[in-house]
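Asker: Have a look; sequence and predicted model below, questions after that.
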Amino acid sequence: RQMAESFAGLGYGLILALVLVYLVMVVQFRSFVDPFVVLLTVPMGFGGTIVMLHLTQTAISIQSLLGVISMVGLAASYNILLVDLANQLWRGGASREQAVQRACLVRFRPIVMTSLAAILGLVPMAMHAGEAGMPLARAMIGGLLGAKIMTLVLTPALYRLLKPSMSKEDPCATL
């Protein structure tokens, strides 16, 4: 019963975290679309988490769910880097296609390096079977791997798909 209550509490926490991250990004980007693009790729991190937990035969627990919540913040930051630079380039005069291509090229290395640093930092914790932090580390590693791949593949596609018709002066595009 306590485990079910804890899972429910963490589920609400995850939903609340996603809503708060979205609202902060709406203010930061001054757009409703950009945060949506960023957060649409976060579920791909969930897929990476599930695959990693399955491959390592790690049960879903409170610790692994905490790892998922932590992964959401990191996955969103990768996408924010990409979308923010694409917006800057686009507003600077580049076409939408050029802006997203250039953003991918420029942000590829920072995204890969920060995710590798996080993953490599978590590997020792993920390797110690029986310790409390092991499920958290494994969940984060899987989620970060999935989120990194999707940031570099899905985010540019969603950016092109969801923002193609907006002009730079479109009052509906910004707050």
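Answerer: Now that the structure is in, tell me what you want to look at.
Asker: Averaged pLDDT, stretch 101-115. What do you get?
Answerer: Mean pLDDT, stretch 101-115: 91.
Asker: So which bits of that stretch are buried?
Answerer: Gln101, Arg102, Ala103, Cys104, Arg107, Ile111, Thr114, Ser115 (16 or more other Cβ atoms under 10 Å). (Each C-beta comes from the backbone N, C-alpha and C, glycine too.)
Asker: Met71 versus Val4, what's the distance?
Answerer: Wrong residue type there; residue 4 is Ala, not Val. To Met71, Ala4 is 23 Å away according to Cβ to Cβ, to the nearest Å.
Asker: quick one: which of the two has more around it?
Answerer: Met71 (26 against 8; other Cβ atoms under 10 Å).
Asker: helix, strand or coil for the more buried one?
Answerer: helix (DSSP: H, G, I helix; E, B strand; the rest coil).
Asker: With adjacent residues omitted, what lies nearest to it?
Answerer: Gly143 (3.4 Å; Cβ to Cβ, 6 or more residues apart in numbering).
Asker: from the buried residues of stretch 101-115, which ones fall inside helices?
Answerer: In helices, judged by DSSP state H, the following of the buried residues of stretch 101-115 are found: Gln101, Arg102, Ala103, Cys104, Arg107, Ile111, Thr114, Ser115.
Asker: List the residues that contact the first one.
Answerer: Spelled out, it's Gln101. Pro156 (Cβ atoms under 8 Å, 6 or more residues apart in numbering).
Asker: hang on, the earlier thing: quick one, what contacts the residue nearest to Met71?
Answerer: Gly45, Phe46, Gly48, Thr49, Met52, Gly67, Val68, Met71, Val72, Leu74, Ala75.
Asker: Thanks again, I'm all set now.
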